[in-house]
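[1] Predicted model follows, preceded by the sequence.
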Amino acid sequence: MKLPHVYLHALGMVNALGADTAAIAAALATGVSPGMGRVAFGGEHGAYVGRAQASLALAPPAHLARYDCRNNRLLLAALAQIEPAVQAACARYGAERVGVVLGTSTSGIGAGERAFGVASGPDASCRAFDYVQMEIGSGAPFAAAALGLQGPAFTISTACTSSAKAFAAGRRLLQLGLCDALVVGGVDSLCELTLRGFAALESTSLERTNPMSSNRAGINIGEGAAVFLMSREQGPALLAGIGESSDAHHISAPDPTGAGGELALRAALADAGMSATAIGYVNLHATATRKNDEMEARLMKRVFPQGVAASGTKPLTGHTLGAAGATELGFAWLVLVREGAVLPRHVWDGVADTALPKLDLIDEARHLSPGQAVMSNSFAFGGNNVSLVLAH
């Protein structure tokens with residue numbers, strides 16, 4: 001039995017590049033990110049991070065006030081951008097047929113940190129804190145309640161692939177007929193736990209991250225939210241292929257050969273019914289850690305032996321962890337659906353690591369050729385890997 005196609009319609013995003021998709025698309029074209037910089041928290045020397053560029057003035061409705069924290073305001077800022085499309089879907093299918101699948105890795109842990117830090121004092125943030133804000137699973141039910149959706153609602157947390165896996169889960173729900181439309185994406189906010197945790201792993205850089213460079217020294221953590229409306233109704237972008245794999249090489253280090261990641265890329269191409277030559281742009285995971293970039297460069301050369309235009313966009317957003325898969329698929333979606341869109345630049349120092357295969361990293365204004373598809377890669381702790389393909 002042939003399963004129905006699934007499409008991605010409206011997109012809402014907020015991250016270090018800007019507060020909406022128009023601002024983010026413009027910043028992607030220039031390679032300049034206003035939200036990247038040093039902050040005082042995160043360790044003895046501070047941290048270099050990607051802070052979301054939005055006022056976050058939109059608060060949860062009164063009946064959901066207990067959920068009010070930075071993480072959920074980031075989510076609301078992105079949801080507001082697609083709410084008209086979501087409400088149109090509710091009018092068409094009924095609210096009970098519209099669901100939510102989100103990915104996250106931090107949820108509202110930052111709110112908990114601040115509250116626990118002042119627990120013995122009079123600070124109002126302590127009194128406003130509710131444990132539900134930092135529950136990993138609360139994002140999707142919160143979003144459903146805020147939008148009045150009554151379909152399936154659940155949250156996925158698989159580290160840096162969380163929101164990429166949300167698209168796989170969402171497509172299954174639609175293809176099985178369990179709902180007719182979904183809000184799918186991810187959200188994460190900055191917190192001390194994450195910053196100090198990655199610093200303890202010696203995986204962070206105190207300068208802007210430098211992916212694929214011989215001088216790469218680690219990641220910058222970022223925050224943001226990205227959400228799509230997904231349905232079986234034909235739309236601007238087809239979710240053409242999904243590939244998932246798990247190599248279970250190590251709890252935090254990738255398989256140096258990239259064998260598991262390669263399985264995910266090839267599975268996504270097979271699912272889409274495409275050869276590698278059909279792909280015109282790949283958004284790399286490209287964390288700028290020594291091992292991740294080595295692994296990804298090697299598998300990219302094997303899957304795309306003739307080369308393909310590629311870039312790692314984390315120098316412009318920071319690594320948004322549980323929101324990274326959806327955010328970077330959002331960048332690929334913008335490339336595909338916006339007429340004349342410029343491919344995101346690969347921002348680095350230009351000093352190639354001669355020990356790695358040479359990739360076609362985008363360093364000038366380039367465009368997608370007509371009929372080409374786009375791909376986004378996500379890799380995570382525990383060796384879980386996801387690759388997503390979008391096409392017209």
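    Received it, and whenever you're ready, just let me know what you need.
[2] how about the nearest residue to the residue nearest the centre of the chain, chain neighbours excluded?
    Geometric centre of the chain, nearest residue: A324, 2.2 Å, by Cα atoms, centre = their mean. Spatially, and ignoring its direct neighbours in sequence, A324 is nearest to C160 (5.5 Å; Cβ to Cβ, 6 or more residues apart in numbering). Yep, even glycine has a C-beta here, placed from its N, CA and C like the rest.
[3] tell me the pLDDT at the one you found?
    pLDDT for C160: 95.
[4] and if you look at R114?
    With respect to pLDDT, R114 scores 88.
[5] any idea which helix or strand carries it?
    Using DSSP states H and E, R114 maps to helix 109-117.
[6] cool, and A264?
    A264 is part of helix 259-272, with elements assigned from DSSP H and E.
[7] Kindly tell me how buried V187 is, as a neighbour count.
    Residues near V187, counting by other Cβ atoms under 10 Å, number 39.
[8] count of residues packed around G148?
    12.
[9] Pretty sure it sits against V98.
    No. If you go by Cβ atoms under 8 Å, G148 and V98 don't touch, sitting 9.1 Å apart.
[10] Need the residues touching each of those two.
    Common contact partners of G148 and V98 (Cβ atoms under 8 Å, 6 or more residues apart in numbering): C90.
[11] just the CA coordinates of the helix holding A264, formatted as CSV?
    C-alpha atoms of helix 259-272 as CSV (Å, rounded to 0.1, in the frame of the first residue of the first chain):
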residue,chain,number,x,y,z
ALA,A,259,28.7,4.5,9.4
GLY,A,260,25.5,5.1,11.4
GLY,A,261,25.1,8.6,10.1
GLU,A,262,25.7,7.4,6.5
LEU,A,263,22.9,4.8,7.0
ALA,A,264,20.5,7.7,7.9
LEU,A,265,21.4,9.8,4.8
ARG,A,266,21.1,6.8,2.5
ALA,A,267,17.8,5.8,4.1
ALA,A,268,16.4,9.3,3.6
LEU,A,269,17.4,9.3,-0.1
ALA,A,270,15.9,5.9,-0.6
ASP,A,271,12.7,6.9,1.2
ALA,A,272,12.5,9.9,-1.2
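[12] from memory L56 sits against L74, does it?
    Yes. Between L56 and L74 there is a contact under Cβ under 8 Å: 6.6 Å.
[13] on that earlier part again, neighbours around the residue nearest to A324, how many?
    Count around C160 with other Cβ under 10 Å applied: 27.
[14] contacting residues for it?
    S105, H285, H319, L321, G322, A324, G325, S378, F379, A380, F381.
[15] Residues contacting the helix holding A264, please?
    So helix 259-272 is contacted by 240-249, 254-255, 275-276, 278-279, 295-296, 299, 302-303, 373, 375, 377, 379, 383, 385-389, 391 (Cβ under 8 Å, 6+ apart).
[16] if you set the cut-off to 7 Å instead, what comes out?
    Helix 259-272 is contacted from outside by 240-247, 249, 275-276, 295-296, 299, 302-303, 373, 375, 377, 379, 383, 385-389, 391, using Cβ atoms under 7 Å, 6 or more residues apart in numbering.
[17] again with stretch 198-218
    For stretch 198-218, contacts defined as Cβ under 7 Å, 6+ apart pick out 36, 42-43, 45, 47-48, 219-221, 252, 286-290, 293, 297, 312, 314-315, 348-349, 351-353, 359, 361.
[18] Of the residues you listed, select the buried ones using a ChimeraX command.
    Listed next is the ChimeraX selection for buried residues among the contacts of stretch 198-218, using 16 or more other Cβ atoms under 10 Å:
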select :36,42,47,48,219,220,221,286,287,288,289,293,297,312,314,315,348,353,359,361
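[19] Sort out for me which of the contacts of stretch 198-218 are in strands.
    Secondary structure from DSSP state E places M36, A47, Y48, I221, L361 of those in strands.
[20] and the one helix or strand H9 maps to, what's its mean pLDDT?
    Using DSSP H and E, the element containing H9 is strand 7-14. With pLDDT averaged residue by residue, strand 7-14 scores 98.
[21] Can you name the residues in contact with it?
    Outside strand 7-14, the residues touching it (Cβ under 7 Å, 6+ apart) are 21, 24, 52, 54, 74, 77-82, 85, 224-231, 233-239, 327, 330, 333.
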